[in-house]
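K.L.:
please find the sequence and the predicted model below.
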Amino acid sequence: MIKYSLECNQSHTFDAWFSDSLNFEKQNKNNQISCPNCSSLKIKKSIMAPSIPSKNYKSDLLNEKKDKVEVVLSKVRKHVEDNFDYVGDKFADEARSMHYGEKEEREIYGETTIEDAVDLIEEGVNVKPMPGVDPKLKN
Ligand SMILES: [Zn+2]
């Protein structure tokens, strides 16, 4: 059984059950479906029914969420770029030096390999992936 939200040509909406979509098409074609409000036989499927969201409706919502996340991420990224020292591919060395007290601690960002990042984390260094940027892989 399929539940359809239907709409007549007077914009009345109502729900009805059908065994399948063909059954709906057939009944509608034979004028066997009528609007409970005005008895109109001009019935179509209502596309705005919240119980049957269209694919576009879903992806719009997802895109909206994604946009918001990207705004937040780009703000964090801007903060990092404005306030942290960029150390390029010396990131692992710098982070390690600071961790072991060889250098004064400061906030840095840069590039490192996944292997180095894993090593750093295992050594207890506070490493976080830069938001909004794909990690650069080097082998
Ligand atoms: Zn109606």
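P.N.:
Cool, got the structure.
K.L.:
secondary structure element for D15?
P.N.:
In the assignment (DSSP states H and E), D15 maps to strand 13-18.
K.L.:
need the next SSE after that strand, C-terminal direction.
P.N.:
helix 21-29.
K.L.:
what helices or strands is that following helix leaning on?
P.N.:
strand 2-8, strand 13-18, strand 43-45 (3 or more CB pairs under 8 Å, 6 or more residues apart in numbering; DSSP states H and E). Bear in mind the C-beta positions are built from the backbone N, C-alpha and C, glycine included.
K.L.:
chain center to that helix: distance?
P.N.:
For helix 21-29, the separation from the chain centroid amounts to 36 Å (computed by CA atoms, centre = their mean, to the nearest Å).
K.L.:
cool, and stretch 106-118?
P.N.:
In terms of CA atoms, centre = their mean, the centre of stretch 106-118 is set 27 Å apart from its chain centre.
K.L.:
next: stretch 77-96.
P.N.:
The chain centroid and the centroid of stretch 77-96 are separated by 28 Å, computed with CA atoms, centre = their mean.
K.L.:
put the alpha carbons of it into PDB.
P.N.:
Presented in PDB, the C-alpha positions along stretch 77-96 are these (Å, rounded to 0.1, in the frame of the first residue of the first chain):
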ATOM      1  CA  ARG A  77      40.500  28.700   9.200                       C
ATOM      2  CA  LYS A  78      40.700  32.500   9.000                       C
ATOM      3  CA  HIS A  79      41.500  32.700  12.700                       C
ATOM      4  CA  VAL A  80      44.200  30.200  12.400                       C
ATOM      5  CA  GLU A  81      45.800  31.900   9.400                       C
ATOM      6  CA  ASP A  82      45.600  35.300  11.100                       C
ATOM      7  CA  ASN A  83      46.900  34.200  14.500                       C
ATOM      8  CA  PHE A  84      49.100  31.100  14.100                       C
ATOM      9  CA  ASP A  85      52.600  31.000  12.700                       C
ATOM     10  CA  TYR A  86      52.800  29.200   9.300                       C
ATOM     11  CA  VAL A  87      55.700  26.700   9.400                       C
ATOM     12  CA  GLY A  88      55.100  24.900   6.100                       C
ATOM     13  CA  ASP A  89      56.400  21.400   6.000                       C
ATOM     14  CA  LYS A  90      58.500  21.900   9.100                       C
ATOM     15  CA  PHE A  91      55.300  21.400  11.100                       C
ATOM     16  CA  ALA A  92      56.200  18.100  12.600                       C
ATOM     17  CA  ASP A  93      59.700  19.300  13.600                       C
ATOM     18  CA  GLU A  94      58.400  22.500  15.100                       C
ATOM     19  CA  ALA A  95      55.500  20.800  17.000                       C
ATOM     20  CA  ARG A  96      58.000  18.200  18.400                       C
END
